[in-house]
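Student: got a structure for you, letters missing:
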């Protein structure tokens, strides 16, 4: 269900009439995830910046292992950006995430996604983003050392 919502939102966003500022972007990153262990994470993301402050972003994050099984999250979030100067900006993110582990089949849990970050633009098209994201609870049960997913990642972003 969450995948269908993300795809539908992305398509509708791309088809909407856009103001003069509107920009689309995509990116990829790598990071350090904390589930019940420390793991290497990988992320793909894309979004639509309605104006310099507000945007909408979809993402897929592979957070490595959780209880010995692969763990991934699909997310949809509103973003808020505050420019510090022409190169630097601060980023906030609030949305929903569909967390999924492959332990004993498929275990899904939907939760709130929170994120904070800082961005650096090399030019009008290419930039870096360092961000911290909290994916909420990873599963519906309360067993385990850490039942929350968190990620600190560095991503490369390309704006169209």
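Tutor: Received it, and whenever you're ready, just let me know what you need. Just so it is clear, the model here is predicted, and its values are computed rather than measured. Numbers count the residues shown, from 1 in each chain.

Student: what sits against residue 59?
Tutor: When contacts are counted by C-beta atoms under 8 Å, 6 or more residues apart in numbering, residue 59 touches 43-46, 73-75, 77. To be clear about C-beta, it is placed using only N, CA and C from the backbone, and glycine gets the same treatment.

Student: separation between the most centrally placed residue in the chain and residue 102?
Tutor: Closest residue to the average C-alpha location of the chain: residue 59 at 4.4 Å, with C-alpha atoms, centre = their mean. According to C-beta to C-beta, to the nearest Å, residue 59 and residue 102 sit 19 Å apart.

Student: can you check residue 43 too?
Tutor: 18 Å.

Student: the chain: strands as residue ranges?
Tutor: Using DSSP state E, the strands of the chain run over 23-34, 38-49, 54-66, 69-83, 88-101, 107-121, 126-137, 148-159.

Student: could the ones you listed go into CSV alongside mean pLDDT?
Tutor: Output for the strands of the chain, formatted as CSV (pLDDT from 0 to 100):
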stretch, mean pLDDT
strand 23-34, 96
strand 38-49, 96
strand 54-66, 94
strand 69-83, 94
strand 88-101, 95
strand 107-121, 93
strand 126-137, 96
strand 148-159, 95
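
Student: from those, which stretch is densest packed?
Tutor: Most buried of the strands of the chain by mean neighbour count (mean count of other C-beta atoms under 10 Å) is strand 54-66; its value is a mean of 21.

Student: and that strand with strand 107-121, angle?
Tutor: 120 degrees (axes from the mean of the first three to the mean of the last three C-alpha atoms, to 10 degrees).

Student: partners of strand 54-66, with directions?
Tutor: strand 38-49 (antiparallel), strand 69-83 (antiparallel) (DSSP bridges).

Student: now these as JSON lines including distance to residue 30?
Tutor: Shown next, in JSON lines, are these (distance: least, C-beta to C-beta, whole Å):
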{"stretch": "strand 38-49", "distance to residue 30": "6"}
{"stretch": "strand 69-83", "distance to residue 30": "15"}
